[in-house]
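Undergrad: Here's a sequence, model it:
(2 chains)
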Amino acid sequence: MRGTRNLLRHLLLVLPVLVATPGAPAAATDSDPQVNVYSARKEALIKPLLNRFTEQSGIRVNLVTGKADALLKRLESEGTNTPADVLITVDAGRLHRAKTAGLLTPVSSAVLEQMIPPPYRDPDGLWFGLSLRLRPLMISRDRVDPAALSRYEDLADPAWRNKICVRSSDNIYNQSLVASMIAAHGEAGTEKWARGLVANFARPPRGGDRDQIKAVAAGECDIALANTYYLGRMENSKKQEERMAAASVFILWPNQQGRGAHVNVSGAGVVRYAPHPGNAVKLLEFLVSDEAQRFYADSNYEYPVRSGVKANDTLRAWGEFKAESLNVSVLGENNAAAVMLMDRAGWK
Amino acid sequence: MSTAGTIALAPACASGFGWRLLRAWPATVVSIALILALPVFTIFSFVFYPAGDVWHHLVATVLTDYVLNSLLLMTGVAAGTLLIGVSTAWLTTHCEFPGRGFFVWTLLLPLSIPAYIIAYTYTGILDFAGPVQTALRSWFHWSAGEYWFPDVRSIWGAVAMLSLVLYPYVYLLARSAFLEQSVAISDASRLLGASPLTSFRRVALPMARPAIIAGLSLALMETLADYGTVQYFGVSTFTTGIFRTWFGLGDSSAAAQLSALLLSFVFILMVLERWSRHRAQFYHVGSRSQPLRPYALRGWRRWLAVAVCLVPLLLGFLLPAAQLAWWTQETAAEMLDRQFMQLMLNSFSLAAAAAFLAVLLAVVIAYGKRLHPTRIVAASARVAGMGYAIPGTVIAVGVMLPLAWLDNSIDAWFRQYFSVSTGLWLSGTLFALMFAYLVRFLAVSLQTVESGLTKVRPSMDDAARSLGYSPAQVLRLIHLPIVRGSLLTASLIVFVDVLKELPATLILRPFNFNTLAVRTYELASDERLADSSSAALAIVLVGLLPVILLSRSIAHTRATDRPVAVTPGPRSAET
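TA: All right, here's what the predicted structure looks like:
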């Protein structure tokens, strides 16, 4: 069976371009020591972990990275013949979408259930959060009194007219933030908030999260919304101007008296038609190990999903905070509503 | 269209229509076009799913923005690329000024810089926190809000960025058109008292129009398909709208309807191009001529010419490349690892293979169309080139769905009759990737080869055919040598385009297979611009090699194959 399949595969290699093809993953048995990963997490932020997994377990990892939506489409079209075992994404919304499209399979693993707090994994065990991505307010140290605001809701206050910088509503982290607002305030309340926020923009949304932080540093605006790991990278940058820009902002953890700061997860699930489901679960379990969890913090300044992991200096300096306890799958459920709401509010 | 075609048509009509369709050339052209159109049709099939609320939502909120911004962007880029491309092409072919030989090939260099990279680079240089504004503030003691500075991240910034990297399309095609024009014509116009400028305006420009329009429509299609730049600059266009609708709202039928609207823009472009070609066609009469004698510019005109050529080179290449090089030297130690050579090799071989195949198919289609200018063949050629204006991700999905369907059907069939699973043959292999490249970039080679072939007089075909040569022999012995320059141009553009191509590569590539563009994107989109610069710079450098090689070959073509004279005049249809 394997011979036939390889023969057919080799027949295809006549195309001159295929000279450069690396060995395609072949047989579909779990005894085969390999696992195939579709990852929306960038190669540089996952490959070292995968290499470490291979060293420890002897299981070879084959990797394709790409945008989450496109990877989902690829999984969907490949159907039962997909070579993929594990899907890794950088937000809960896409994991939820993979779940509703029927692309994932439930996993019951004592390790995963014990290590990962319930808000950060799917209630049905279809996917698991592996690191936390917080999106607090970043305010100017010089120009904003930290006592003047304490909640996301305050951003719609006319007092902050022309003071706020945030990136486009195309960005999934903004969509997720609005999705969590919808969970807290309903659509009508959130839309009113979004209109107030848009009215307070210092400039039309553009650039990435780092650009918003830099704009605060440069005095173009006073408050930015950004994920913390971007600040972490700037603080640890080799470039002096990046470090200086980072030093001029202050993380204000919002809604500490209420629901907590908005949190999203990067996570993974096992593919429904995975040829190596056993290896896939082994990989997931490795990703919540102490070593792997420290990698998330040390390499990219993300918060480990598992509590009790020795904290990274950069993260420790940002202080303790309360995160939302909303199950992150709600972010996926409210995503389409959030996008439409942002369109109506004129959030470009 | 051509005489040969008309003659061939007569007996065919007599011998029956069915037989006629089975003739090798048209059958080949039609099947290539159908296969290449498959992804586009796949996307369009979503149009027939009910769209419902999302479509109404789009119309009520953001659609006007998408249409207006896309139109503005196209108008701006058209003006920018024509201005830069045509002026520099004419100066470097018809005038002599200091550094002309240098500008001839360096003006192509911006082609090797992906639009989103130049956008990132200029943002780094020009935005509020960048070196320019910071320096201005510290010199003049200004503070935020006290002064006005043009915002690069705006629709006009996007126009500037796209014009700077896309003008080489116009330059390249206009230049080869100017080169192939006969010296006798420009001499005659000059003898009749026209100044070089008048000669340019009244003679050279109208004669080069098909090539210029072909170059322009490539630039505009690329503009329509651009995602990286407009997304980064926060300009809502059709492409950003399609992504948002498809992925943010999860509605593929509304996204397909947006794609259909986008394609209607492309059709308008194609019709315009057609129309402009129909109004005037020019052919070369012979193949020997006197060398072109450039007009020596004097005084301030020389320096004006130098400035006109230097500015696009400086802004479109030197400045961004210098910034990339600066970032690279800061980060090279970490980024240049063992994998890096492999990335270069992967990128280079993919691009070379795609360029070869794209030109091969383009020749088959363009020549088939010339031999049999029937409506179905012409329509097929047009359909085959549609993919160029469609964003790479949409193409990728359009490629993925039918290939996976085919794979899964074959697998099911083998399972049923042989109890053997064949798995996925085509999906997730380089075949799928190559297919996507051809769908996306065939328009490039087709436009270039077609505009090259229009310059071969139909009477040459007739003469050769009446001497007993087969169509294939005519192609090999007559057309290919004459349009060699165009073939080289076509393969150069496809090569560089594939080198830069990102979204389709990202999603269709096999396991453990990276390219320079993928590496660049991964780091740049993670806001690690400085780290991405070594891969970006490598794209530029790898792209440079064929640019230099081919610009030399084009110059060489000119030196050996000089067309003597040209018969200007409207091409009468079917003589």
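Undergrad: rest of the way, CA atoms for contacts and neighbours
TA: Fine.
Undergrad: ok, residue 250 - contacts?
TA: Since no chain was named, I'll use chain A. When contacts are counted by Cα atoms under 8 Å, 6 or more residues apart in numbering or on different chains, A:F250 touches A:138-141.
Undergrad: The chain in question should be chain B.
TA: Here B:G250 is in contact with A:A336 (Cα under 8 Å, 6+ apart).
Undergrad: Can you tell me the SS state at it?
TA: The assignment at B:G250 comes out as coil when based on DSSP: H, G, I helix; E, B strand; the rest coil.
Undergrad: Now it: phi and psi?
TA: B:G250 adopts backbone torsions of phi 60, psi 30, taken as degrees, to the nearest 10.
Undergrad: Could you check how far it is from A:S329?
TA: 16 Å (Cα to Cα, to the nearest Å).
Undergrad: again with B:P168
TA: Distance from B:P168 to A:S329, by Cα to Cα: 48 Å.
Undergrad: Which of the contacts of A:F250 sits closest to chain B?
TA: Closest approach to chain B among the contacts of A:F250 (Cα to the nearest Cα): A:S140, at 13.9 Å.
Undergrad: between the contacts of A:F250, which is nearest B:W246?
TA: When the contacts of A:F250 are compared for distance to B:W246 (Cα to Cα), A:M138 wins out at 31.1 Å.
Undergrad: I figured the closest one was touching A:V249, is that so?
TA: Yes - under the criterion of Cα atoms under 8 Å, A:M138 makes contact with A:V249 at 6.0 Å.
Undergrad: how about B:A254, what does it touch?
TA: B:47, B:51, B:54-55, B:245-246.
Undergrad: quick one: which of these is most hemmed in?
TA: Tallying neighbours with other Cα atoms under 10 Å in any protein chain shown puts B:T245 at the head of the contacts of B:A254, with 25 neighbours.
Undergrad: for that one, what are its contacts?
TA: Applying Cα under 8 Å, 6+ apart, the residues contacting B:T245 are B:251-252, B:254-255.
Undergrad: Stretch A:253-271: which residues count as buried?
TA: Residues A:253-255, A:260-271 are the ones in stretch A:253-271 that count as buried (16 or more other Cα atoms under 10 Å in any protein chain shown).
Undergrad: again, but for stretch A:281-290
TA: Residues of stretch A:281-290 classed as buried by neighbour count (16+ other Cα under 10 Å): A:281, A:283-290.
Undergrad: now do stretch B:251-262
TA: B:251-260, B:262.
Undergrad: Stretch A:125-138 now?
TA: With burial defined by 16+ other Cα under 10 Å, the residues of stretch A:125-138 counted as buried are A:125-138.
Undergrad: now it, how far from the centre of its chain.
TA: 6 Å (Cα atoms, centre = their mean, to the nearest Å).
Undergrad: Repeat that for stretch B:366-373.
TA: Centroid separation for stretch B:366-373 versus its chain: 22 Å, with Cα atoms, centre = their mean.
Undergrad: Kindly provide the whole-number mean pLDDT of it.
TA: Mean pLDDT, stretch B:366-373: 85.
Undergrad: quick one: stretch A:274-291 near chain B?
TA: No - between stretch A:274-291 and chain B, judged by Cα under 8 Å from any Cα of the partner chain, nothing touches; the nearest distance is 11.0 Å.
Undergrad: Pick out the residue nearest the middle of chain A.
TA: Nearest residue to the geometric centre of chain A (Cα atoms, centre = their mean): A:V90, 2.6 Å.
Undergrad: For B:L433, give me its contacts.
TA: B:504-505, B:508-509.
Undergrad: separation between it and chain A?
TA: For B:L433, the distance to chain A (Cα to the nearest Cα, to the nearest Å) stands at 10 Å.
Undergrad: Surely that residue is in a helix?
TA: Yes - applying three-state DSSP, one finds B:L433 inside a helix.
Undergrad: neighbour-wise, which of B:P168 and A:S329 wins?
TA: Neighbours around B:P168 and A:S329, counted as other Cα under 10 Å, are more numerous at B:P168. The numbers are 31 against 24.
Undergrad: so which strand or helix has that one?
TA: Using DSSP states H and E, B:P168 maps to helix B:155-180.
Undergrad: Compute the distance from the centre of that helix to the centre of its chain.
TA: Taking Cα atoms, centre = their mean, the mean C-alpha location of helix B:155-180 is offset from the chain mean by 10 Å.
Undergrad: Output the helix or strand following it as PDB, restricted to C-alpha atoms.
TA: Later in the chain than helix B:155-180, the nearest helix or strand by DSSP H and E is helix B:183-191. What follows is helix B:183-191 as a C-alpha-only set of coordinates in PDB (Å, rounded to 0.1, in the frame of the first residue of the first chain):
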ATOM      1  CA  VAL B 183      15.200  55.000 -37.000                       C
ATOM      2  CA  ALA B 184      13.900  55.900 -40.400                       C
ATOM      3  CA  ILE B 185      10.600  57.000 -38.900                       C
ATOM      4  CA  SER B 186      12.100  59.300 -36.300                       C
ATOM      5  CA  ASP B 187      14.600  60.600 -38.900                       C
ATOM      6  CA  ALA B 188      11.800  61.300 -41.300                       C
ATOM      7  CA  SER B 189       9.800  63.200 -38.700                       C
ATOM      8  CA  ARG B 190      12.900  65.100 -37.700                       C
ATOM      9  CA  LEU B 191      13.700  66.000 -41.400                       C
END
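Undergrad: Can I get stretch A:172-180 in CSV, CA atoms only?
TA: The C-alpha coordinates for stretch A:172-180 follow below in CSV (Å, rounded to 0.1, in the frame of the first residue of the first chain):
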residue,chain,number,x,y,z
ILE,A,172,-8.1,40.1,14.9
TYR,A,173,-7.0,41.3,18.3
ASN,A,174,-9.3,44.4,17.9
GLN,A,175,-12.1,42.2,16.7
SER,A,176,-11.6,39.9,19.7
LEU,A,177,-11.6,42.9,22.1
VAL,A,178,-14.9,44.1,20.6
ALA,A,179,-16.2,40.6,20.8
SER,A,180,-15.5,40.5,24.5
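Undergrad: Show the contacting residues for B:P481.
TA: For B:P481, the contact set (Cα under 8 Å, 6+ apart) is empty.
Undergrad: Also B:A115?
TA: Each residue near B:A115 by Cα under 8 Å, 6+ apart is listed here: B:161-162, B:165, B:228-229.
Undergrad: Quick check on those: which are buried?
TA: For those, buried by 16+ other Cα under 10 Å: B:161-162, B:165, B:228-229.
Undergrad: CSV for those, including distance to A:P158 and pLDDT?
TA: Below are the buried ones among the contacts of B:A115 laid out as CSV (distance: Cα to Cα, whole Å; pLDDT from 0 to 100):
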residue, distance to A:P158, pLDDT
B:M161, 36, 95
B:L162, 38, 96
B:V165, 42, 93
B:G228, 33, 81
B:T229, 32, 87
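Undergrad: Could you identify the most distant pair in those residues?
TA: Spatial extent of the buried ones among the contacts of B:A115 (Cα to Cα) is set by the pair B:V165 and B:G228 at 13.4 Å.
Undergrad: Now do stretch A:60-77: distance from first to last residue.
TA: Start to finish, the residues bounding stretch A:60-77 are 25 Å apart (Cα to Cα).
Undergrad: same question, stretch B:475-494
TA: Termini of stretch B:475-494 sit 22 Å apart (Cα to Cα).
Undergrad: avg pLDDT for that stretch?
TA: For stretch B:475-494, the mean pLDDT works out to 84.
Undergrad: which of the residues in that stretch are buried?
TA: Applying a neighbour-count criterion of 16+ other Cα under 10 Å, one finds B:475, B:479-480, B:482-494 buried in stretch B:475-494.
Undergrad: can you check stretch A:98-118 too?
TA: Buried positions in stretch A:98-118, judged by neighbour count with 16+ other Cα under 10 Å: A:98-99, A:103-107, A:112, A:115-118.
Undergrad: which residue ranges form the helices in chain A?
TA: A:2-11, A:47-57, A:68-78, A:92-100, A:110-115, A:172-199, A:209-217, A:228-235, A:240-247, A:277-287, A:290-300, A:313-317, A:329-333, A:335-345 (DSSP state H).
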